[in-house]
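Enquirer: sharing a sequence plus its predicted fold:
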Amino acid sequence: MVNSWQNMHLERKRHVLVDNIIRVDRAGELAANWIYSGQHAVLGSDVKMGSLIQNMWEQEKKHLSVMDKLQLQYRVRPTALSDVAKGVSFALGVSTALMGNEAAMACTEAVETVIGEHYDDQLKELESVTGDDEIEDLKRIIAEFRDDELEHLDTAVEHHSQRAPAHALLSAVIGKGCEVAIDLCKRV
Ligand SMILES: [Fe+2]
Ligand SMILES: [Fe+2]
(Lines give C-alpha, C1' and ligand atoms only; values in the text may rest on other atoms or scores of the structure.)
(Ligands and ions follow the chains in the order given, each with its own letter.)
Protein backbone atom coordinates (compact mmCIF):
# COMPACT_ATOMS: atom_id res chain seq x y z
CA MET A 1 0.00 0.00 0.00
CA VAL A 2 2.69 2.41 1.07
CA ASN A 3 4.79 1.38 -1.91
CA SER A 4 2.08 1.96 -4.45
CA TRP A 5 1.37 5.33 -2.88
CA GLN A 6 5.06 6.16 -3.07
CA ASN A 7 5.14 5.05 -6.71
CA MET A 8 2.17 7.21 -7.55
CA HIS A 9 3.77 10.12 -5.78
CA LEU A 10 7.05 9.62 -7.66
CA GLU A 11 5.24 9.25 -10.97
CA ARG A 12 3.38 12.50 -10.31
CA LYS A 13 6.61 14.30 -9.38
CA ARG A 14 8.31 13.03 -12.52
CA HIS A 15 5.37 14.15 -14.64
CA VAL A 16 5.43 17.68 -13.21
CA LEU A 17 9.20 17.86 -13.66
CA VAL A 18 9.12 16.77 -17.32
CA ASP A 19 6.13 18.99 -18.01
CA ASN A 20 7.82 22.10 -16.65
CA ILE A 21 11.09 21.35 -18.44
CA ILE A 22 9.43 20.95 -21.84
CA ARG A 23 7.17 23.99 -21.38
CA VAL A 24 10.02 26.35 -20.54
CA ASP A 25 12.49 24.88 -23.04
CA ARG A 26 10.04 25.08 -25.91
CA ALA A 27 9.30 28.71 -25.00
CA GLY A 28 13.03 29.42 -24.91
CA GLU A 29 13.63 27.88 -28.32
CA LEU A 30 10.66 29.78 -29.72
CA ALA A 31 12.11 33.01 -28.33
CA ALA A 32 15.56 32.21 -29.75
CA ASN A 33 14.03 31.68 -33.20
CA TRP A 34 12.36 35.09 -33.06
CA ILE A 35 15.49 36.85 -31.81
CA TYR A 36 17.52 35.48 -34.73
CA SER A 37 14.68 36.23 -37.10
CA GLY A 38 14.68 39.87 -35.88
CA GLN A 39 18.44 40.13 -36.24
CA HIS A 40 18.26 38.59 -39.69
CA ALA A 41 15.57 41.05 -40.76
CA VAL A 42 18.06 43.87 -40.12
CA LEU A 43 21.46 42.32 -40.85
CA GLY A 44 20.49 39.58 -43.31
CA SER A 45 21.84 41.43 -46.32
CA ASP A 46 25.27 41.91 -44.70
CA VAL A 47 27.46 39.22 -46.30
CA LYS A 48 29.26 38.16 -43.13
CA MET A 49 26.63 38.81 -40.46
CA GLY A 50 23.81 37.49 -42.63
CA SER A 51 25.22 33.98 -42.93
CA LEU A 52 26.48 33.95 -39.35
CA ILE A 53 23.02 34.73 -37.99
CA GLN A 54 21.37 32.40 -40.51
CA ASN A 55 23.53 29.45 -39.38
CA MET A 56 22.66 29.92 -35.72
CA TRP A 57 19.01 30.46 -36.64
CA GLU A 58 18.98 27.13 -38.55
CA GLN A 59 20.09 25.34 -35.38
CA GLU A 60 17.39 27.10 -33.38
CA LYS A 61 14.82 25.90 -35.93
CA LYS A 62 15.97 22.32 -35.30
CA HIS A 63 15.84 22.84 -31.53
CA LEU A 64 12.31 24.20 -31.80
CA SER A 65 11.07 21.33 -33.94
CA VAL A 66 12.42 18.82 -31.40
CA MET A 67 10.69 20.72 -28.59
CA ASP A 68 7.46 20.84 -30.62
CA LYS A 69 7.57 17.06 -30.94
CA LEU A 70 8.26 16.59 -27.22
CA GLN A 71 5.42 18.95 -26.37
CA LEU A 72 3.02 16.79 -28.39
CA GLN A 73 4.46 13.50 -27.18
CA TYR A 74 4.12 14.46 -23.51
CA ARG A 75 0.93 16.49 -24.06
CA VAL A 76 2.48 19.51 -22.41
CA ARG A 77 0.39 22.64 -22.15
CA PRO A 78 2.28 25.38 -23.97
CA THR A 79 3.00 28.55 -22.07
CA ALA A 80 0.25 31.17 -22.28
CA LEU A 81 3.03 33.63 -23.00
CA SER A 82 3.98 32.27 -26.46
CA ASP A 83 2.70 35.29 -28.38
CA VAL A 84 4.27 37.76 -25.96
CA ALA A 85 7.55 35.85 -26.16
CA LYS A 86 7.53 36.00 -29.97
CA GLY A 87 6.92 39.77 -30.03
CA VAL A 88 9.42 40.65 -27.33
CA SER A 89 12.08 38.40 -28.82
CA PHE A 90 11.65 39.73 -32.35
CA ALA A 91 11.87 43.29 -30.98
CA LEU A 92 15.01 42.39 -29.03
CA GLY A 93 16.61 40.94 -32.17
CA VAL A 94 15.69 43.93 -34.31
CA SER A 95 16.70 46.58 -31.78
CA THR A 96 20.09 45.07 -30.96
CA ALA A 97 20.81 44.55 -34.68
CA LEU A 98 19.93 48.20 -35.34
CA MET A 99 22.55 49.16 -32.75
CA GLY A 100 25.14 47.42 -34.90
CA ASN A 101 26.90 44.09 -35.49
CA GLU A 102 28.63 44.10 -32.12
CA ALA A 103 25.43 44.84 -30.18
CA ALA A 104 23.68 42.03 -32.07
CA MET A 105 26.49 39.69 -31.00
CA ALA A 106 26.29 41.04 -27.41
CA CYS A 107 22.60 40.09 -27.41
CA THR A 108 23.49 36.57 -28.57
CA GLU A 109 26.24 36.33 -25.97
CA ALA A 110 23.89 37.38 -23.14
CA VAL A 111 21.00 35.16 -24.22
CA GLU A 112 23.10 32.06 -24.88
CA THR A 113 24.93 32.45 -21.57
CA VAL A 114 21.66 32.32 -19.65
CA ILE A 115 20.23 29.51 -21.81
CA GLY A 116 23.43 27.48 -21.52
CA GLU A 117 23.29 27.77 -17.72
CA HIS A 118 19.58 27.03 -17.75
CA TYR A 119 20.12 23.76 -19.66
CA ASP A 120 22.97 22.91 -17.34
CA ASP A 121 20.74 23.45 -14.29
CA GLN A 122 18.13 21.15 -15.80
CA LEU A 123 20.72 18.42 -16.35
CA LYS A 124 21.71 18.69 -12.67
CA GLU A 125 18.05 18.51 -11.67
CA LEU A 126 17.63 15.34 -13.75
CA GLU A 127 20.87 13.73 -12.55
CA SER A 128 19.18 11.92 -9.67
CA VAL A 129 16.44 10.51 -11.93
CA THR A 130 17.84 7.28 -13.33
CA GLY A 131 16.58 4.08 -14.89
CA ASP A 132 13.97 5.82 -17.02
CA ASP A 133 14.37 5.69 -20.81
CA GLU A 134 12.29 8.78 -21.49
CA ILE A 135 14.26 10.84 -18.99
CA GLU A 136 17.52 9.53 -20.47
CA ASP A 137 16.38 10.69 -23.93
CA LEU A 138 15.49 14.09 -22.51
CA LYS A 139 18.91 14.36 -20.86
CA ARG A 140 20.64 13.60 -24.16
CA ILE A 141 18.58 16.25 -25.98
CA ILE A 142 19.21 18.89 -23.32
CA ALA A 143 22.96 18.17 -23.27
CA GLU A 144 23.12 18.46 -27.06
CA PHE A 145 21.20 21.73 -27.07
CA ARG A 146 23.34 23.12 -24.26
CA ASP A 147 26.45 22.43 -26.33
CA ASP A 148 24.91 24.15 -29.38
CA GLU A 149 23.96 27.21 -27.30
CA LEU A 150 27.47 27.43 -25.87
CA GLU A 151 28.80 27.29 -29.43
CA HIS A 152 26.55 30.24 -30.29
CA LEU A 153 27.97 32.02 -27.26
CA ASP A 154 31.54 31.41 -28.49
CA THR A 155 30.61 32.58 -31.99
CA ALA A 156 29.23 35.83 -30.56
CA VAL A 157 32.38 36.47 -28.53
CA GLU A 158 34.60 35.63 -31.54
CA HIS A 159 32.66 38.24 -33.48
CA HIS A 160 33.40 40.97 -30.97
CA SER A 161 30.27 41.00 -28.81
CA GLN A 162 32.40 42.47 -26.06
CA ARG A 163 33.25 45.53 -28.14
CA ALA A 164 29.57 46.55 -28.22
CA PRO A 165 28.82 49.97 -26.80
CA ALA A 166 27.66 49.72 -23.18
CA HIS A 167 28.39 45.98 -23.28
CA ALA A 168 28.12 45.47 -19.52
CA LEU A 169 24.78 47.25 -19.28
CA LEU A 170 23.39 45.53 -22.38
CA SER A 171 24.43 42.08 -21.08
CA ALA A 172 23.00 42.74 -17.64
CA VAL A 173 19.65 43.95 -18.95
CA ILE A 174 19.23 41.16 -21.52
CA GLY A 175 20.50 38.48 -19.12
CA LYS A 176 18.09 39.60 -16.40
CA GLY A 177 15.25 39.71 -18.93
CA CYS A 178 15.97 36.10 -19.94
CA GLU A 179 16.00 34.95 -16.33
CA VAL A 180 12.65 36.60 -15.65
CA ALA A 181 11.21 35.09 -18.85
CA ILE A 182 12.41 31.59 -17.91
CA ASP A 183 10.85 31.91 -14.49
CA LEU A 184 7.54 33.15 -15.91
CA CYS A 185 7.30 30.43 -18.58
CA LYS A 186 7.79 27.70 -15.98
CA ARG A 187 4.64 28.88 -14.25
CA VAL A 188 2.37 30.56 -16.78
FE1 LIG B 1 18.36 26.72 -29.05
FE1 LIG C 1 21.14 29.22 -29.39
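Expert: Cool, got the structure. Ligands and ions are numbered 1, 2, ... in the order given.
Enquirer: where does this protein dip in pLDDT?
Expert: 1-3, 5-6 (pLDDT under 70).
Enquirer: can you tell me which residue is spatially central in it?
Expert: Gly28 (3.6 Å; C-alpha atoms, centre = their mean).
Enquirer: name the helices or strands packed onto the helix or strand where that one lies?
Expert: Per DSSP states H and E, Gly28 falls inside helix 2-43. For helix 2-43, the packing partners by 3 or more C-beta pairs under 8 Å, 6 or more residues apart in numbering; DSSP states H and E come out as helix 47-73, helix 82-98, helix 101-127, helix 133-158, helix 167-187. The way it works is simple: take the backbone N, C-alpha and C, and place the C-beta from them, glycine included.
Enquirer: quick one: Val18 and Asp137 touch, right?
Expert: No - the pair Val18 / Asp137 is not scored as a contact, 10.6 Å apart, by C-beta atoms under 8 Å.
Enquirer: hmm, the residue nearest to the centre of the chain is touching Ile182, no?
Expert: Yes - counting by C-beta under 8 Å, Ile182 is a contact partner of Gly28 at 6.8 Å.
Enquirer: so for these two, which residues contact both of them?
Expert: His118 (C-beta atoms under 8 Å, 6 or more residues apart in numbering).
Enquirer: re the thing from before, the residue nearest to the centre of the chain: what's it in contact with?
Expert: Ile115, His118, Ala181, Ile182, Cys185.
Enquirer: try it again at 6 Å.
Expert: Gly28 makes contacts with Ile115, as judged by C-beta atoms under 6 Å, 6 or more residues apart in numbering.
Enquirer: over to Asn33?
Expert: Glu60, Leu64.
Enquirer: tell me, how many residues neighbour Arg187?
Expert: Close neighbours of Arg187, defined as other C-beta atoms under 10 Å, add up to 11.
Enquirer: what count of nearby residues applies to the residue of the chain found nearest ligand 1?
Expert: Closest to ligand 1 within the chain is His63: 3.7 Å, counting by C-beta to the ion. The burial count assigned to His63 is 23, neighbours taken as other C-beta under 10 Å.
Enquirer: excluding chain neighbours, what is closest to it?
Expert: The shortest distance from His63 to any non-neighbouring residue, by C-beta to C-beta, 6 or more residues apart in numbering, is to Glu29 (4.4 Å).
Enquirer: touching, the one you found and Met67? I think so.
Expert: Yes - using C-beta atoms under 6 Å, Glu29 is in contact with Met67, at 4.9 Å.
Enquirer: give me every residue in the chain lying close to ligand 2.
Expert: Glu149, His152 (C-beta under 5 Å from the ion).
Enquirer: rewinding a little: specify which residue of Val18 and Asp137 has the higher count of neighbours.
Expert: Between Val18 and Asp137, counted using other C-beta under 10 Å, Val18 has the larger neighbour count: 19 against 12.
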